[in-house]
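pasting the structure only:
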């Protein structure tokens, strides 16, 4: 790389004994730019997001709603916030679904000659089990239209294999995820309507690998509930190839996942009281639950640690926000959004007034900016602060989707804001066993927390 | 993450049987924006950078100048370009340094009680060996000023330990690298001037881990050549701690690296002749050599495969560039820049006219834009194309450093351009055993090649 012999940026190195911060020039409010520099320095020199995430992912791990790990995570969140010396830390009780994967999750493909080929699968979240082993032929489709065009006898008693890949030409991978997600969401319903006995869904991933990606699916109470499983992208390609050679092959599937009675759980909330307008609240959060397959690092451990860190950064930078700032670790984003829904309900019934709510739930990658869900004049107002973020690479201040947990607040707040970061790698690991701590880069994570704290600082100072 | 149940981006999914490209709106020349979309689609659907890199890193591996792997890489580059059906592929002969690490590289710390502690070290590139095992006390400094202030008896016969960390508060990590690099570059000279017998240098890295980072260092012919080795960041912290407890500890170092006679090697060049202005050349390159410790994936296998890919993308998109476009795989960036220097010399002696030269040598991460080294009006002209790149996230078109291999062309071209990508993770792995293929993300890499091809297309069409 760029040899240090030849770079123009060299400094003499004489006597640089301590780190000094390097204020960048921008046509922006000078005091505000200095505050941001202070926030970023604190994050880059002494940020705690990374070590907090190490604990959450390594010592607690995957934490699906209703699991004992989810309850450990609640306690961890509470204790971690209490250590920050906030004005108030509390729990919000909420009932959550309790789906368990079970110990058995097995698939085997058997061809004409009876030879078996094992295949990685995972149950989609919420799926019923197979009640023993089911064995059936497979019919592959790429769209609802293809399914609709099939004669009944081609579907009845079969497994419908939804194999439309995510479209790699979308630059924002979240768009490709949204577009392909109908298969995972509605596959079991649509297949069952036609008499199928199960649904196999290509993993929502742009990578070519062997990890099946779970994620939530749904049933229609008027339609038979059939089991639904995800294949890895490699597995889906392989099955598709095998079907071309032997359309009569048999797919055997065994899963003993099930839905147990609902369980009591909690959102974790910590707040700094506003000095001037304590009744105007800025909430910032991520979701504490994750899928069970992995550690829930990027989804959404990063959002949780960044949200707590945002409050810590404000305090460490010596800032006393004029409006109340609240970190919320939401429970149950993945399969129910009960925590987000409860938070909005409680805020409403308590007559709380939210100025804004922000969520980080797109991974802990290098920050790009913010997606703003608000009326156009409010979007514009927030966009006016963009120059302050230019020295830090957070330049995309756009209208867009915010976050699932804060959407229930939509009618109770002036702006919903989604933390936006580089999403090229996100879906490679999303909802799989590969969503682990080692995939998170310390600087990328801490820069994200700093950008969130910075926008919160501006919101708390100027309002909307 | 953002549940697909609740996103606003859902489409019906009916009958999406083939990928369609999604033209983005921008206030830009429509035909050009369509060409860019075509280039990006080709890269994202059928990009070859990733598979080419897999071969280079996995089948050839580390390829320090003068090594047999470097020669294999030359042949691989030539064959790979020949397969692209370019108008011309050729080699440029160049003599390169031939430094070898040798089989022994060992360090041990011995305290007052004589107990030994092994420490990971690696010789800095170009270092002399230790000629057996050297044993000496260690004196730690953070700056040249600290070294200068030490009395002679504190330095003479000792190992000087340069332990100033990279400054994490720089947002662009390359800046922190440039600022701390003087220790690696001049440590051995400055230590030897004061009578030291060796230099130990803290690795140029922002990560906390056990990988020592190599990289080039230099000698002054008038000063005794003493061996220089890098410690990992963890190792440097540990040594610093141990020194506090026991300033008299002994550091034992054994390295049998040496510099052998120079070796004949090559730049690899492939070109597409311009249809209108064949004598105006746009060069795009990366460097083919790498350090020996790892696979040279991000440094700079990615730049090589992207440069070749840029030409392939132009062809695959059906574009016939009006100016000549040339991919150059430079030899010997890491420890001599002989290839870059030779390329500029040959261009000059042949009377070639370069319109622009571009280099990718900052890793294969998500593209951010381009750094332009040119007179202000030329920078402005290139910046006018920025809106075309907005849909693809390449928004930073700034004046700045281009690339080490193309800098010798400075007086022979209108603009030097450095491909700019997210550099937060780069120095974690730079020049270490960890710079491996698995650290490269396919989409990030292919998006980079597409952004390079797109700018080359505009340069070839409009000139400067």
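Looks like it came in fine. As the structure is a computational prediction, the values presented were derived from the model and not from experiment.

so which strand or helix has residue A:324?
strand A:323-330 (DSSP states H and E).

residues of the helix or strand just after that strand that come out buried?
Next along the chain after strand A:323-330, taking DSSP H and E as the criterion, comes helix A:338-349. Buried residues in helix A:338-349, counted by 16 or more other CB atoms under 10 Å in any protein chain shown: A:338-344, A:347. C-betas here are computed from N, CA, C, even on glycine.

on that earlier part again, what's the angle between the strand holding residue A:324 and helix A:338-349?
Here the directions of strand A:323-330 and helix A:338-349 differ by 150 degrees (axes from the mean of the first three to the mean of the last three CA atoms, to 10 degrees).

list the neighbouring strands of strand A:323-330 plus their orientation.
Applying DSSP bridges, strand A:323-330 is found paired with strand A:258-272 (antiparallel), strand A:277-287 (parallel).

neighbours around whichever residue of the stretch 51-200 of chain A sits closest to chain B, how many?
Taking CB to the nearest CB as the measure, the stretch 51-200 of chain A has residue A:181 as its residue closest to chain B, at 3.2 Å. Per other CB atoms under 10 Å in any protein chain shown, the neighbour tally for residue A:181 reads 25.

also residue A:322?
Residue A:322 has 18 nearby residues by other CB under 10 Å.

apart from its neighbours in sequence, what residue is nearest it?
The shortest distance from residue A:322 to any non-neighbouring residue, by CB to CB, 6 or more residues apart in numbering or on different chains, is to residue A:276 (4.0 Å).

ok, what's across the strand from the nearest residue to residue A:376 once chain neighbours are set aside?
In space, and not counting its chain neighbours, residue A:376 is closest to residue A:399: 7.7 Å by CB to CB, 6+ apart. In this entry, residue A:399 is beta-bridged to residue A:372, by DSSP bridges.

can you tell me how far residue A:399 sits from chain B?
Counting by CB to the nearest CB, to the nearest Å, the gap from residue A:399 to chain B is 11 Å.

show me where chain A has helices.
For chain A, helices defined by DSSP state H occupy the ranges A:30-46, A:49-55, A:68-82, A:144-149, A:152-155, A:173-180, A:182-193, A:233-245, A:302-316, A:338-349, A:376-383, A:386-389, A:426-429, A:442-462.

out of these, deepest packed?
Highest mean neighbour count of the helices of chain A: helix A:302-316, a mean of 28 (counted as mean count of other CB atoms under 10 Å in any protein chain shown).

and it with chain B, contact?
No. Judged by CB under 8 Å from any CB of the partner chain, helix A:302-316 makes no contact with chain B; its nearest approach is 9.1 Å.

what about the residue nearest to residue A:376, how many neighbours?
Neighbours of residue A:399 using other CB under 10 Å come to 15.

hmm, back to that, reformat the strands paired with strand A:323-330 as JSON lines; add mean pLDDT and mean neighbour count.
Output for those, formatted as JSON lines (pLDDT from 0 to 100; neighbours: other CB atoms under 10 Å in any protein chain shown):
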{"stretch": "strand A:258-272", "mean pLDDT": "98", "mean neighbour count": "19"}
{"stretch": "strand A:277-287", "mean pLDDT": "98", "mean neighbour count": "24"}
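
any chance of those strands in a markdown table, with distance to residue A:208 too?
Listed next are these as a markdown table, based on distance: least, CB to CB, whole Å:
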| stretch | distance to residue A:208 |
| --- | --- |
| strand A:258-272 | 32 |
| strand A:277-287 | 28 |
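
before we move on, back to that, would you reformat the helices of chain A as a markdown table and include mean pLDDT and distance to residue B:32?
Converted to a markdown table, the helices of chain A look like this (pLDDT from 0 to 100; distance: least, CB to CB, whole Å):
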| stretch | mean pLDDT | distance to residue B:32 |
| --- | --- | --- |
| helix A:30-46 | 96 | 36 |
| helix A:49-55 | 98 | 41 |
| helix A:68-82 | 98 | 50 |
| helix A:144-149 | 98 | 35 |
| helix A:152-155 | 97 | 47 |
| helix A:173-180 | 96 | 23 |
| helix A:182-193 | 98 | 34 |
| helix A:233-245 | 97 | 34 |
| helix A:302-316 | 98 | 38 |
| helix A:338-349 | 98 | 43 |
| helix A:376-383 | 98 | 27 |
| helix A:386-389 | 98 | 26 |
| helix A:426-429 | 98 | 30 |
| helix A:442-462 | 98 | 32 |
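
any stretches of the stretch 1-150 of chain A with poor pLDDT?
Applying pLDDT under 70 to the stretch 1-150 of chain A picks out residues A:1-28, A:114.

interface residues of the stretch 351-464 of chain A facing chain B?
So far as CB under 8 Å from any CB goes, the stretch 351-464 of chain A lies against chain B at A:361-363, A:366, A:368, A:391-393, A:395-396, A:401, A:403-404, A:407, A:418, A:422, A:424-426, A:428, A:430, A:441-444, A:447.

domains in chain A, by residue range?
Per automatic domain parsing, the structural domains of chain A span A:30-99+A:262-462, A:102-256.

re earlier: how far does the strand holding residue A:324 sit from the chain's center?
In terms of CA atoms, centre = their mean, to the nearest Å, the centre of strand A:323-330 is found 18 Å from the chain centre.
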